[in-house]
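[1] coords please:
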Amino acid sequence: MNKYEFNIRTRSGQPVDKITIQALDRATAEQRLNQMYHQCEIIDCIEVPVALRQENMDVEGIINLITK
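    Below is the predicted model:
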């Protein structure tokens with residue numbers, strides 16, 4: 001899954017910034033955006049990298065997590 005951050009202008013002309021949508025691809029993210037904001041104009045779209053979780057942690061990894 002990817003995250004997409006949109007800056008849009010609503011149909012009434014109001015700008016809305018930093019709408020984040022998680023989807024498999026940009027087309028799916030735009031469909032979801034259009035469901036929430038009908039007839040909006042997409043000004044900008046940025047793909048935001050998703051940080052991968054580290055499933056297996058050793059003792060050193062847990063200590064590093066606690067000290068951060």
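[2] So the residue in the chain sticking out farthest from the centre versus Ile66, what's the distance?
    Ranked by distance from the centre of the chain (Cα atoms, centre = their mean), the top residue is Val59, with 31.7 Å. Noted for Val59: a distance of 11 Å to Ile66, by Cβ to Cβ, to the nearest Å. Every residue, glycine included, has its C-beta placed from N, CA and C.
[3] Asn2 now?
    Distance of Asn2 to Ile66, computed by Cβ to Cβ: 30 Å.
[4] out of those two, which sits in the busier spot?
    More neighbours surround Asn2 than the other of Asn2 and Ile66, with 15 against 7 (other Cβ atoms under 10 Å).
[5] For that one, which residues are in contact?
    Listed by Cβ atoms under 8 Å, 6 or more residues apart in numbering, the contact set of Asn2 reads Gln22, Ala23, Leu24, Asp25, Arg26, Ala29, Glu47, Val48, Val50.
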